[in-house]
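> Return atomic coordinates for the entry below.
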Amino acid sequence: MANPMGGTALPDCSAEVREALAAGRPVVALESTIISHGMPYPQNVATALQVEGEVRAHGAVPATIAVVDGRLKAGLSRAEIESLGRAGPSVSKLSRRDLPLAVAAGQTGATTVAATMIIAALAGIRVFATGGIGGVHRGAGESFDISADLLELVRTPVAVVCAGVKSILDIRLTLEVLETHGVPVVGYGTDRLPAFFARDSGFAVDARLDTPAQIARALQAQWAMGLRGGMVIANPVPEAHALPRAVIDGAIEMALADAAVQGITGKAVTPFLLARVNELTGGNSLAANIALILNNARLAAAVAGELTRLGG
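Sure, this is the predicted structure:
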């Protein structure tokens, strides 16, 4: 059976996800690296289940995505989420390049934004809620460390609802890469790009849209024109949980210095920095992380519902 990505492999969808897709009901993809690599246990499992609950409460079906025993999965059982959470960072972190290797080896892995987008598109899911997207790392002029998330947004037709670009990254250069490749960056109810823990990164978005219906119409227009990439839908962290940029920037600078001293590079950088920033902010960044993910889940469910109504 052919799939929209041009191959023959299709994900294993849970019964709930499969039935929703067949009936034309809204479905929201959710990533699994946040379970294994983004938070400590048991908060990771509790948050994953809470996010699924928010999606359901706002009229859509959640599809948490991972690779389990070499199978692409869209819609995990509670036991599978628990297993990923307990295993934590020992679970492989899978991006685009890792997916075929994990499948061929029969491995289990948690999917990044890029890999989640791929599996979501294979399943026919068009809207994805996450925390923040990856991008150009600070010091990339020497390290060339640029997240695969950016190129996935160029080629995979999935809308990504997020709290903007992760604060630990070089936001200006990340926006330059997205602009070069024609990926729209839309602010939900804001003219300013949020920066994960902070509501304002200091940079503007490409356009402000104030309702889920407006976002759905923009997505429909993009894909109807054959522009097959994704869209960044930047949704600021709720005000009550936002952290001052000065506090976050100071914690990030210290975390980056610690990473350099310890020689941490590649895939290990982001989980290390997020954990270290959480320590340096006395746990406030973890609370903000949970609040923004739930906020994104609510918006993604609303956008998916509007897109379904448009026949998108």
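
> all contacts plus neighbour counts: C-alpha atoms, from now on.
Will do.

> Which SSE is immediately downstream of the helix or strand hosting R18?
Using DSSP states H and E, the element containing R18 is helix 15-22. For helix 15-22, the succeeding helix or strand toward the C-terminus, using DSSP H and E, is strand 27-30.

> Show me what that next one packs onto, helices and strands only.
Contacts defined by 3 or more Cα pairs under 8 Å, 6 or more residues apart in numbering; DSSP states H and E place strand 27-30 against helix 15-22, strand 61-68, helix 113-123, strand 127-129, helix 284-309.

> could those go into CSV alongside mean pLDDT?
Listed next are these as CSV, based on pLDDT from 0 to 100:
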stretch, mean pLDDT
helix 15-22, 98
strand 61-68, 98
helix 113-123, 98
strand 127-129, 98
helix 284-309, 94
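
> how far off helix 113-123 does the helix holding R18 point, in degrees?
If you take axes from the mean of the first three to the mean of the last three Cα atoms, to 10 degrees, helix 15-22 sits at 60 degrees to helix 113-123.

> For helix 15-22, list the C-alpha coordinates in PDB.
What follows is helix 15-22, C-alpha atoms only, in PDB (Å, rounded to 0.1, in the frame of the first residue of the first chain):
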ATOM      1  CA  ALA A  15      -7.400   1.400  17.100                       C
ATOM      2  CA  GLU A  16      -8.500   4.800  18.400                       C
ATOM      3  CA  VAL A  17      -6.300   6.700  15.900                       C
ATOM      4  CA  ARG A  18      -7.200   4.400  13.000                       C
ATOM      5  CA  GLU A  19     -10.900   4.800  13.600                       C
ATOM      6  CA  ALA A  20     -10.600   8.600  13.900                       C
ATOM      7  CA  LEU A  21      -8.600   8.900  10.700                       C
ATOM      8  CA  ALA A  22     -11.000   6.600   8.800                       C
END
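
> that older thread, highest average neighbour count across the helices and strands packed on strand 27-30?
The highest mean neighbour count among the helices and strands packed on strand 27-30, using mean count of other Cα atoms under 10 Å, belongs to strand 127-129: a mean of 29.

> Partner strands of that one and their direction?
strand 27-30 (parallel), strand 159-162 (parallel) (DSSP bridges).

> who's in contact with the last one?
Right, strand 159-162. Residues from elsewhere that reach strand 159-162 (Cα atoms under 8 Å, 6 or more residues apart in numbering): 126-133, 219, 230-235, 293, 296-297, 299-300.

> what pLDDT does the closest residue to A207 other than its chain neighbours get?
Counting by Cα to Cα, 6 or more residues apart in numbering, V186 is the residue found nearest to A207 once chain neighbours are left out, at 5.0 Å. According to the prediction, V186 has pLDDT 98.

> buried ones in stretch 100-113?
Neighbour-count burial for stretch 100-113, counted by 16 or more other Cα atoms under 10 Å, picks out A102, V103, Q107, T108, G109, A110, T111, T112, V113.

> Give the helix, strand or coil label for the second one.
When you say that, I think you mean V103. What DSSP: H, G, I helix; E, B strand; the rest coil gives for V103 is helix.
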